[in-house]
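Chemist: Attaching a predicted model along with its sequence, questions to come.
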Amino acid sequence: MSRTLPNIIITGTPGVGKTSHCELLAERTGLKHLSVNDVVKSKECHEGWDEEYQSWIVDEDKLLDAIEDEVKQGGCIIDWHACDLFPKSWIDLVVVLRVESSVLYDRLSERKYPELKLQENLDSEIMEVLLQEARDSYDEEIVVELQSNNAEQMDENRPRHIVNFITGNANKLGEVKAILEPAIQVENQALDLLEIQGTLQEVTLDKCRRAADLVQGPVLVEDTCLCFNALKGLPGPYIKWFMKDLGHEGLNNLLAAYEDKSAQAVCTFGYSAGPGHEPILFQGITDGKIVPARGPPHFGWDAIFEYEGQTYAEMDKTEKNKISHRAKALAKLQEWFSKEMTA
Ligand SMILES: O=P(O)(O)OP(=O)(O)OP(=O)(O)OC[C@H]1O[C@@H](n2cnc3c(O)ncnc32)[C@H](O)[C@@H]1O
Ligand SMILES: [Mg+2]
């Protein structure tokens, strides 16, 4: 089976901060933290306890058998102080964490390591044993060395994307932040972008190129449409002007002559890496129907768009953010970003 998510080894001398890094990475990426320590204990992949070193004597064959199925599926962050035992074909990235010896000494003393074990680990860190092991076992370009002496460095090692979401609409910004953060940090510039007439794709593509030119950097933009099926997709991208001129009641009246009140909320995000970079689009669609307004009228046409018995305006924000056109588009964007992150 070919995996669609990467496997990452976070390795280093005991005490360098592997587990903290793994937990942080798992939280940010949704990948699984696979603690080899836990597997060795819970699946008994060992030949007993070494009194002198105060650690399990690992049976590597048993260990590999125990984790093989899970790792082959992909998406594992392997937390272990060795790396050469894992077959090359399983692994996409090896991160070797490093600390200065004085820092390591303090950390290991605090853990009450026996003197012999402490000294051996210090020597191993100074001699770069694990870095060498990683370089000997895997292709050079997948081995990364990161410093892990303090909280600041840990924070720098944190995987993150920052997007500059260009919108003048505070409600949109609120939803996008609620959905993307903390995995993706959302900054905002409220610029008024000219919107052309055209298809949903064309409007967003143009908006995105314009925004990238204006800020001279990477941008995220979004355009929302409300499409009435009885009207063959209108008002579509022109919903903003219809909303302004007609209000909730007027929008209902547009459909008075039709039995079919069904509508689609369509959200199209465009991301550009900067001026001259072709935008990438992420679209999400939620089917619903147009009803007389119910619920707080704060956000656009939320009060007249009903989804499974409730209007968007009647829903809790968290509910809306699970099923909305915006949430669906952002799920695609997140998937793309997490692939980019490991590409
Ligand atoms: O700066 P931008 O991002 O362009 O923000 P905008 O307010 O101009 O937004 P659009 O051009 O996408 O126009 C879409 C219209 O639909 C409204 N709208 C967008 N998303 C909505 C949602 O989830 N629920 C209800 N109304 C929404 C919005 O207030 C606008 O009137
Ligand atoms: Mg707009």
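Modeler: Nice, I can see it. Ligands and ions are numbered 1, 2, ... in the order given.

Chemist: Can you report how many residues neighbour whichever residue of the stretch 1-150 of the chain sits closest to ligand 1?
Modeler: The minimum distance from the stretch 1-150 of the chain to ligand 1, using CB to the nearest ligand atom, falls at Gly30 (24.8 Å). Backbone N, C-alpha and C define where each C-beta goes, glycine included. Here the number of neighbours of Gly30 (other CB atoms under 10 Å) works out to 13.

Chemist: One more: Lys332?
Modeler: Residues near Lys332, counting by other CB under 10 Å: 15.

Chemist: hang on, it packs against Ile280?
Modeler: No - contact criterion CB atoms under 8 Å: Lys332 and Ile280 do not qualify, at 9.8 Å.

Chemist: Around ligand 1, pick out the residues from the protein.
Modeler: 167-169, 172, 195, 222-224, 239-240, 243, 299-302, 312, 324, 326 (CB under 6 Å from any ligand atom).

Chemist: can I assume Asp50 is in contact with Ile57?
Modeler: Yes - using CB under 8 Å, Asp50 is in contact with Ile57, at 5.3 Å.

Chemist: Which strand or helix spans the closest residue to Leu194 other than its chain neighbours?
Modeler: Residue nearest to Leu194 in three dimensions, not counting chain neighbours: Arg210, with 6.6 Å by CB to CB, 6 or more residues apart in numbering. Using DSSP states H and E, Arg210 maps to helix 200-215.

Chemist: other SSEs contacting the helix or strand following that helix?
Modeler: Helices and strands here follow DSSP H and E; after helix 200-215, the next one along the chain is strand 219-228. Identification of packing neighbours for strand 219-228 by 3 or more CB pairs under 8 Å, 6 or more residues apart in numbering; DSSP states H and E yields strand 161-166, helix 170-180, helix 200-215, strand 235-236, helix 239-254, strand 262-272, helix 325-342.

Chemist: make it 6 Å
Modeler: strand 161-166, helix 200-215, strand 262-272 (3 or more CB pairs under 6 Å, 6 or more residues apart in numbering; DSSP states H and E).
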